[in-house]
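Undergrad: sequence and predicted structure below; questions after.
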Amino acid sequence: MSAIIQCNDLSKSFGRKTALQQVSFELIPGETAALIGPNGAGKTTLFSILCGYLRPDSGKVQIFGHQPGSHSLFGKVAALPQDAQFDPAFGIGEQLDFYGRLQGLSRKAARAETTRVLALVDLSEHYAHKASALSHGMRKRAAIAQAFIGAPQLILLDEPTAGLDPANALHIRQLIGRLSGEVSFMISSHNIFELEQLCNKVLYLQLGQLSSQSNSDNGTAEQQYLTLQLEQDSSDGLIAALNQLTGLISLQQLQKKELVLCYNPAQNAQFDLAVLQCLAVNGWGYRNFIKGQTLEQKLFSV
Amino acid sequence: MSNSLTLFQHAGMYASFELRRLWQTRPGLMTLAATTVIWALLFRYAIMPAADLIASRGFIDFISGVFGNTGLQQLSQWPAPELAVYWFFSLLLLPLFSLFFTANQLCSDLERGTLRFLSLRSSRTAIVLGRFAGQMLVQACLILLTLLATLLLASWRSGGVSFDMLSATLVILLNLLIVLLPFTALMSVFSALARSAKLAVSLAIVTLGLCFALLSWFIFYFPDFLFLLGYLPGAQVFQLLPLHGWQTLQLAILPIAQAAALLVLASIFVNRRAL
């Protein structure tokens, strides 16, 4: 399958500061990739290169086989750039209409598309409002709306839910989740739990280098994980009972109420059921039972 | 669709969007208001009393001093004194106004990040060309409005509009647009470099001043290169002032070439810079 994004040995420096160093990865159709990393790791630089806002110092990047910013990508690649603002002189809707027309839509179709994308982000009533009349969260949602104009095949979202209230953040996550599969996404965020819900590929950037790249598999044929969040603090009795289970390789206590169980499915194919039975028999309640490790555990090995 | 067709189509969209900015937004209406005030003063104190002004000793001395008797004769050959005075003042003032009015072609959008939204949908060259064309359209509107007011005044005084007056109006409009081309293109360049319109204007004025000073210094030592001064933007204005009628268009090639070169430069700057 041909890659949507193909990055080979991308490097970028700003003066003496290296923002990206030999970054290579690819994104295939239907994948939703998470771009994670601490502040200053190079996430926004990578996003800017992918959007064509910046040129790499060395290395090669191709999106749908073309260089970022190329004429062939207009309307095919959409993005929510960090900190980009609308023109304060015009209403939000008028600007979205204009963007639609730049993407090749007729005046009427552009207007219909604006209505559709504003409804997607719950801003239908604000067509005529200028950006200055909207709150920070509403401006962010309007910026997200522009990324959905037309039929983009790849959407790059830099911190899509930062600054949004929980209800709207959930709404945006649901929107992305609904479109995943039809559209490929690349999402940069500090919210690991959000990325865990939305993404099936993770790119972890640290000091400008891609320190890990993983898909959403939950272990190997010989080694699988279960994450157990208990209602009460784990006790020696509970740990002893779990240690008795057939197939258990290791048991790690992350927090007082959180355990990660590593097991061999070849030895016990129904290990998860055995854990639940063990809890039920002993009267221990649980809050959450997750197949696999959380993204946080995978990335930071806590 | 071919790339060049899309380029011009997008440039056209940007230009018409700029025109909407003039007529439908607060900053645009402020520009109109400022233009009205400036031209109201010119109308009151120069164009309305045009016939008297042209006959006044001070004006005659000034024109004769700068352009000689031929200049004065040529100025009096315009079909209406109002148009002659309009021609004189607009040629001198509009290039300067243009530097201020067209300074914000790109800098606010660059600073605000709006160009990031736009560059995902059109080429940066289309943005540069479109904004430039938009500013030229805006200036054409402003010139046309003031020129029509002048024509009305002239026809009211002389009791009607003659073919010569209409032709002269068209000549003035075309010439002014040609004169403004390099200045507007110059601001395309500086608005691609500066973070604000104020800085873009300052950079433009300082650069033009420096170019003139360096060139003058060079010519002082190498007088054979005096002709180089004629290549500075706006240098043809002083040659245009004493001319009239369609003969004025003989000086059109240089500003058009200057504007084209400056637009290429602006496009290179915008394409190379980070957004």
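TA: Cool, the structure landed.
Undergrad: against chain B, how distant is residue A:175?
TA: Per Cβ to the nearest Cβ, to the nearest Å, residue A:175 is found 19 Å from chain B. Where C-beta positions appear, they are placed from N, C-alpha and C, glycine not excepted.
Undergrad: now do that residue: how many residues are near it, please.
TA: By other Cβ atoms under 10 Å in any protein chain shown, the residues close to residue A:175 number 15.
Undergrad: count the neighbours of whichever residue of the stretch 201-302 of chain A sits closest to chain B for me.
TA: The minimum distance from the stretch 201-302 of chain A to chain B, using Cβ to the nearest Cβ, falls at residue A:208 (16.6 Å). Using other Cβ under 10 Å, residue A:208 has 24 other residues around it.
Undergrad: for it, list the residues it contacts.
TA: Residues in contact with residue A:208 (Cβ atoms under 8 Å, 6 or more residues apart in numbering or on different chains) are A:12, A:18, A:19, A:20, A:21, A:23, A:41, A:42, A:45.
Undergrad: now tabulate the residues you listed in TSV and tack on neighbour count.
TA: Shown next, in TSV, are the contacts of residue A:208 (neighbours: other Cβ atoms under 10 Å in any protein chain shown):
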residue	neighbour count
A:12	22
A:18	17
A:19	25
A:20	27
A:21	17
A:23	25
A:41	22
A:42	26
A:45	24
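Undergrad: quick one: which two of these are the most distant?
TA: Using Cβ to Cβ, the pair of the contacts of residue A:208 lying farthest apart is A:12 and A:41, separated by 12.6 Å.
Undergrad: now the helices for the chain?
TA: Answering for chain A, as no chain was given. Here chain A has its helices, by DSSP state H, at A:43-51, A:92-102, A:107-120, A:136-147, A:166-179, A:192-198, A:236-243, A:271-282, A:295-300.
Undergrad: wrong one, chain B
TA: Ranges of helices within chain B are B:3-24, B:26-42, B:50-55, B:57-75, B:81-101, B:107-112, B:114-119, B:124-158, B:163-193, B:197-221, B:237-240, B:253-272, based on DSSP H.
Undergrad: which ones are touching residue A:30?
TA: Residue A:30 is in contact with A:180, A:181, A:184, counting by Cβ under 8 Å, 6+ apart.
Undergrad: try it again at 7 Å.
TA: Residues near residue A:30 by Cβ atoms under 7 Å, 6 or more residues apart in numbering or on different chains: A:181, A:184.
Undergrad: distance of it relative to chain B?
TA: Taking Cβ to the nearest Cβ, one finds residue A:30 at 22 Å from chain B.
Undergrad: just for the stretch 201-302 of chain A, where's the confidence low?
TA: The stretch 201-302 of chain A contains residues with pLDDT under 70 at A:212-221, A:298-302.
Undergrad: how about a cut-off of 90?
TA: A:201-204, A:206-248, A:250-272, A:274, A:278-285, A:287-302 (pLDDT under 90).
Undergrad: what parts of it come near chain B?
TA: Nowhere does the stretch 201-302 of chain A come near chain B, counting by Cβ under 7 Å from any Cβ of the partner chain.
Undergrad: might one say that residue B:146 is in contact with residue B:41?
TA: No. At 11.8 Å, residue B:146 does not count as touching residue B:41 under the criterion of Cβ atoms under 7 Å.
Undergrad: what sits closest to the residue in the stretch 1-150 of chain B that chain A sits nearest to if chain neighbours are left out?
TA: Using Cβ to the nearest Cβ, the closest approach of the stretch 1-150 of chain B to chain A is made by residue B:113 at 3.4 Å. Closest residue in space to residue B:113, ignoring its immediate chain neighbours: residue A:84 at 3.4 Å, by Cβ to Cβ, 6 or more residues apart in numbering or on different chains.
Undergrad: count the neighbours of the one you found for me.
TA: Residues lying near residue A:84 (other Cβ under 10 Å) number 21.
Undergrad: any low-confidence regions in the stretch 1-150 of chain A?
TA: In the stretch 1-150 of chain A, residues with pLDDT under 90: A:1-3, A:16, A:28-32, A:36-41, A:69, A:82-83, A:136-137.
Undergrad: chain B contacts on that one?
TA: A:51-54, A:69, A:71, A:74-75, A:77-79, A:81, A:83-87, A:89-90, A:98-99, A:101-103, A:146.
Undergrad: just the buried residues out of the residues you listed, in PyMOL syntax.
TA: Buried residues among the residues of the stretch 1-150 of chain A next to chain B (16 or more other Cβ atoms under 10 Å in any protein chain shown), as a PyMOL selection:
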select buried, chain A and resi 51+52+53+54+69+74+75+77+78+79+81+84+85+86+87+89+90+98+99+101+102+103+146
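Undergrad: show the contacting residues for whichever residue of chain A sits closest to chain B.
TA: Chain B sits closest to residue A:84 of chain A, with a gap of 3.4 Å, by Cβ to the nearest Cβ. Going by Cβ under 7 Å, 6+ apart, residue A:84 touches A:143, B:113, B:114, B:116, B:117.
Undergrad: again, only using 6 Å
TA: B:113, B:116, B:117 (Cβ atoms under 6 Å, 6 or more residues apart in numbering or on different chains).
Undergrad: which one of these is nearest residue A:196?
TA: Of those, the one sitting nearest to residue A:196 (Cβ to Cβ) turns out to be residue B:116, at 28.0 Å.
Undergrad: can you count the residues close to that closest one?
TA: Residue B:116, neighbours per other Cβ under 10 Å, totals 23.
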